[in-house]
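**Student:** What follows is a predicted structure for the sequence shown.
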Amino acid sequence: MDSKQREGGRRALGGMSWLLPLGLLVALGWACGSAHDGGMDHGGHGGHGGHAGMPPRVMDLPPSEGALDGAALVDRDPDPRVIEVDLEARPAEVEYLPGRKTTVWTYNGSVPGPRLEARVGDRVVVNFRNALPEATTIHWHGLRVPAEMDGTLAMQGPIPPGGSFRYSFELRDAGTFWYHPHVRSDVQVEKGLYGTIIVRGEGEPTAAAEHTLVLDDVWLKEDGSFAADDMNSLMVGRQGNVLLVNGRPRPIATVRAGERQRWRFVNAANARYFRLALPGQKLLLIGGDGGLLEAPREVDELLLVPGERADVLITPMGAPGSTLDLVSLPYERGHMTGMLPAANVMRLHYSPEPALTPEPVPASLRSIPANPEPVRTRSFKLTEEMESGKEPVFRINGEAFPDITHLEAKLGETELWDVENDTEMDHPFHLHGFFFQVVSRDGVAEPFRAWKDTVNVPAKSTVRLSVRFDGFPGMWMYHCHILEHGERGMMGGFMISP
Ligand code: C2O
Ligand code: CU
Ligand code: CU
């Protein structure tokens with residue numbers, strides 16, 4: 001930040017200093033004018049080429065009151081097994097920073113968009129209208145929908161401004177899913193276009209309270225507007241300086257000690273890896289992308305990469321009336337991203353009621369069959385190209401989307417996919433239309449079975465997946481879910497014939 005920007009920052013602060021204590025201003029990085037590690041370092045590094053600095057530091061904003069979960073979509077079909085909803089993409093204004101307006105893009109006026117709640121077997125009809133100034137589509141991340149309903153440009157033309165489209169599909173799997181555009185997704189998702197989908201099945205574990213928690217981060221300037229991308233944000237993916245849970249910085253979850261909560265996490269951030277921990281507490285992972293695991297797994301922390309979901313039971317034990325912060329710990333995903341400090345995500349507030357005795361946790365959840373024997377093995381080599389002064393290019397097997405060769409397979413076949421990351425950073429690999437099981441990571445067998453659609457492939461490592469084409473025929477995509485990477489080449493396609 002040069003001295004002129006710093007002055008501008010001070011002037012801007014003059015108008016809002018009554019809102020925030022000085023200590024907070026310093027924490028925000030505005031009062032001290034910190035440069036490359038600062039929260040307010042917004043762009044202007046276009047000429048630096050390979051040497052592009054670091055993502056911004058996260059501001060430590062005060063906890064915000066209010067309802068934790070956003071609104072659910074209203075079903076206007078009287079048939080209990082048909083859910084018909086209206087969804088409109090349109091700009092709106094929100095207040096992410098105290099006293100500042102941010103113009104966002106929303107579904108039905110809110111970030112996140114309204115939650116879709118349904119049961120396995122329900123039919124969903126979405127009357128979608130595009131009131132954005134540019135073309136868009138909706139992709140139903142993780143849902144096994146017909147290819148022409150998947151929202152990718154492989155099967156659907158972009159919906160122009162003022163245009164509409166009727167999405168219709170049946171829900172096949174219970175779990176936590178999400179929806180977002182598949183056109184310029186790096187820009188459109190950052191601006192706020194995402195929402196969650198909860199599909200319930202039979203025999204799910206019970207909890208006293210359930211929350212869907214969509215995690216995101218936005219990179220804002222001090223006036224509340226979105227910062228411009230720089231070389232670093234294009235290369236490592238755009239990380240923000242404000243963390244959001246359900247569209248709000250640091251919301252408060254009220255819990256009672258000893259009472260079980262079910263939290264469904266979705267990582268909707270462009271690029272941020274959330275390494276979640278609740279200091280002193282265990283998390284019980286019961287499910288992920290494709291629904292429940294076979295048995296709960298007790299963990300101290302949880303790495304959630306962009307696109308990924310985690311279904312967690314927690315039974316927080318703390319003194320009535322006390323507080324505890326859910327944090328995101330440092331994580332090195334390449335290019336010094338791990339140098340950034342831990343950040344607060346959400347505040348837990350223990351109610352004054354006395355602690356309850358925790359209920360026993362179910363020992364098994366369901367069974368997940370092993371995939372059949374593979375009919376072939378494929379390799380996917382992820383590479384990156386940095387040239388000074390140019391936007392980086394990311395490739396899979398030497399090809400950069402949209403100049404790709406579609407792979408071909410048949411419905412019902414199982415394949416082994418070796419995703420080999422030859423780059424200096426991690427990539428979250430995402431598959432449309434079908435779930436996979438992780439077989440091994442760098443040759444080490446995965447200790448448990450799970451259905452997944454997004455998996456982290458750490459730098460200089462290989463993850464082996466077993467992919468079963470159990471779903472619909474058509475043209476499908478796979479890509480890195482760091483949206484800057486997917487939009488800059490790291491995306492491929494495959495054709496499934498009936
Ligand atoms: Cu959530 Cu093709 O992505
Ligand atoms: Cu997807
Ligand atoms: Cu990537």
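**Tutor:** Cool, got the structure. Numbers count the residues shown, from 1 in each chain. Ligands and ions are numbered 1, 2, ... in the order given.
**Student:** quick one: the helices in the stretch 351-498 of the chain?
**Tutor:** According to DSSP state H, counting those that start in this stretch, the stretch 351-498 of the chain carries its helices in the segments 483-486.
**Student:** The closest residue to ligand 2 within it: neighbouring residues, count only.
**Tutor:** Relative to ligand 2, the nearest point of the stretch 351-498 of the chain is residue 432 (4.8 Å; C-beta to the ion). C-betas here are computed from N, CA, C, even on glycine. Here the number of neighbours of residue 432 (other C-beta atoms under 10 Å) works out to 27.
**Student:** And the one 10 residues further on, by the same measure?
**Tutor:** When neighbours are defined as other C-beta under 10 Å, residue 442 has 10 of them.
**Student:** now do residue 121
**Tutor:** 12.
**Student:** about what we covered before: roughly how far apart are the residue of the stretch 351-498 of the chain closest to ligand 2 and ligand 1?
**Tutor:** 6 Å (C-beta to the nearest ligand atom, to the nearest Å).
**Student:** Tell me who's in contact with that residue.
**Tutor:** 139, 150, 152, 453, 476, 477, 478 (C-beta atoms under 8 Å, 6 or more residues apart in numbering).
**Student:** Helix or strand next in line after the helix or strand containing residue 91, which one?
**Tutor:** Assessed by DSSP states H and E, residue 91 sits inside strand 82-94. Using DSSP H and E, the helix or strand that directly follows strand 82-94 along the chain is strand 102-107.
**Student:** Just the angle for that following strand relative to strand 82-94, thanks.
**Tutor:** 170 degrees (axes from the mean of the first three to the mean of the last three C-alpha atoms, to 10 degrees).
**Student:** Quick one: mean pLDDT over strand 102-107.
**Tutor:** Strand 102-107 shows a mean pLDDT of 98 in the predicted model.
**Student:** and the residue of the stretch 1-150 of the chain found nearest ligand 1, how far is that from residue 115?
**Tutor:** Residue of the stretch 1-150 of the chain nearest ligand 1, by C-beta to the nearest ligand atom: residue 141 (3.6 Å). Taking C-beta to C-beta, to the nearest Å as the measure, residue 141 falls 14 Å from residue 115.
**Student:** Looking at the two, which is more packed in?
**Tutor:** A side-by-side neighbour count of residue 141 and residue 115, using other C-beta under 10 Å, places residue 141 first with 26 against 18.
**Student:** The more buried one: what's it in contact with?
**Tutor:** Neighbouring residues of residue 141 by C-beta under 8 Å, 6+ apart: 177, 178, 179, 180, 307, 430, 453.
**Student:** got those as a markdown table, with distance to residue 460 columns?
**Tutor:** Converted to a markdown table, the contacts of residue 141 look like this (distance: C-beta to C-beta, whole Å):
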| residue | distance to residue 460 |
| --- | --- |
| 177 | 31 |
| 178 | 29 |
| 179 | 33 |
| 180 | 29 |
| 307 | 21 |
| 430 | 20 |
| 453 | 24 |
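**Student:** if we can go back for a sec, how near is the residue of the stretch 1-150 of the chain closest to ligand 1 to ligand 3?
**Tutor:** Here residue 141 is placed at a distance of 16 Å from ligand 3 (C-beta to the ion, to the nearest Å).
**Student:** again with residue 79
**Tutor:** Taking C-beta to the ion, one finds residue 79 at 42 Å from ligand 3.
**Student:** same deal with residue 229?
**Tutor:** For residue 229 relative to ligand 3 (C-beta to the ion), the value is 15 Å.
**Student:** Any idea how many residues pack against that residue?
**Tutor:** The burial count for residue 229: 20, using other C-beta under 10 Å.
**Student:** can you tell me which residues contact the nearest residue to it once chain neighbours are set aside?
**Tutor:** In space, and not counting its chain neighbours, residue 229 is closest to residue 238: 6.2 Å by C-beta to C-beta, 6 or more residues apart in numbering. Residue 238 makes contact with 55, 186, 190, 219, 229, 270, 271, 483, 484 under the criterion C-beta under 8 Å, 6+ apart.
**Student:** The first one and residue 235 touch, don't they?
**Tutor:** Put plainly, it is residue 55. No. Residue 55 is beyond contact range of residue 235, at 10.1 Å (criterion: C-beta atoms under 8 Å).
**Student:** For these two, indicate the residue with more neighbours.
**Tutor:** residue 55 (26 against 23).
**Student:** Tell me who's in contact with the more buried one.
**Tutor:** 232, 233, 236, 238, 239, 337, 340.
**Student:** quick check, nearest of these to ligand 1?
**Tutor:** residue 238 (15.3 Å).
**Student:** Please read off the pLDDT at the closest one from the model.
**Tutor:** 98.
**Student:** Setting aside sequence neighbours, what's the nearest residue to residue 258?
**Tutor:** Closest residue to residue 258 apart from its sequence neighbours, by C-beta to C-beta, 6+ apart: residue 356 at 3.6 Å.
**Student:** Same question for residue 313.
**Tutor:** Excluding its sequence neighbours, the residue lying closest to residue 313 (C-beta to C-beta, 6+ apart) is residue 284, at 4.2 Å.
**Student:** and that neighbour, how many neighbours?
**Tutor:** Neighbour count of residue 284, defined by other C-beta under 10 Å: 18.
**Student:** repeat for residue 202
**Tutor:** Residue 202 has 8 neighbouring residues, counting by other C-beta under 10 Å.
**Student:** Need the phi and psi values for it.
**Tutor:** phi -80, psi 150 (degrees, to the nearest 10).
**Student:** tell me the pLDDT at it?
**Tutor:** Reported pLDDT for residue 202: 93.
**Student:** where in this protein is pLDDT low?
**Tutor:** Applying pLDDT under 70 to the chain flags the ranges 1-52.
**Student:** quick one: the strands in the stretch 201-350 of the chain?
**Tutor:** Ranges of strands within the stretch 201-350 of the chain are 209-218, 242-245, 252-255, 261-267, 274-277, 283-288, 291-299, 301-304, 309-314, 323-328, 343-350, based on DSSP state E, counting those that start in this stretch.
**Student:** Out of those strands, flag the one nearest residue 417.
**Tutor:** The minimum distance between residue 417 and the strands of the stretch 201-350 of the chain falls on strand 283-288, with 18.0 Å, by C-beta to C-beta.
**Student:** and the closest residue to residue 420 other than its chain neighbours, what does it touch?
**Tutor:** Residue nearest to residue 420 in three dimensions, not counting chain neighbours: residue 462, with 4.5 Å by C-beta to C-beta, 6+ apart. Residues near residue 462 by C-beta under 8 Å, 6+ apart: 418, 419, 420, 421, 441, 442, 443.
**Student:** which of the residues you listed count as buried?
**Tutor:** Among the contacts of residue 462, those classed as buried by 16 or more other C-beta atoms under 10 Å are 419, 420, 421, 441.
**Student:** Widest-spaced pair of the residues you listed?
**Tutor:** So, these by C-beta to C-beta: farthest apart are 420 and 441, at 11.7 Å.
**Student:** Overlap of the contact sets of the two?
**Tutor:** By C-beta under 8 Å, 6+ apart, the residues touching both residue 420 and residue 441 are 461, 462.
**Student:** Pull up the residues of the stretch 151-300 of the chain that are close to ligand 1.
**Tutor:** 180, 182 (C-beta under 6 Å from any ligand atom).
**Student:** repeat that with 8 Å
**Tutor:** Those residues of the stretch 151-300 of the chain that sit near ligand 1, judged by C-beta under 8 Å from any ligand atom, are 152, 178, 180, 182, 185.
**Student:** and those as a markdown table, adding neighbour count, distance to residue 97 and secondary structure?
**Tutor:** Listed next are those as a markdown table, based on neighbours: other C-beta atoms under 10 Å; distance: C-beta to C-beta, whole Å; DSSP: H, G, I helix; E, B strand; the rest coil:
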| residue | neighbour count | distance to residue 97 | secondary structure |
| --- | --- | --- | --- |
| 152 | 21 | 34 | coil |
| 178 | 25 | 25 | strand |
| 180 | 23 | 23 | strand |
| 182 | 26 | 29 | coil |
| 185 | 23 | 24 | helix |
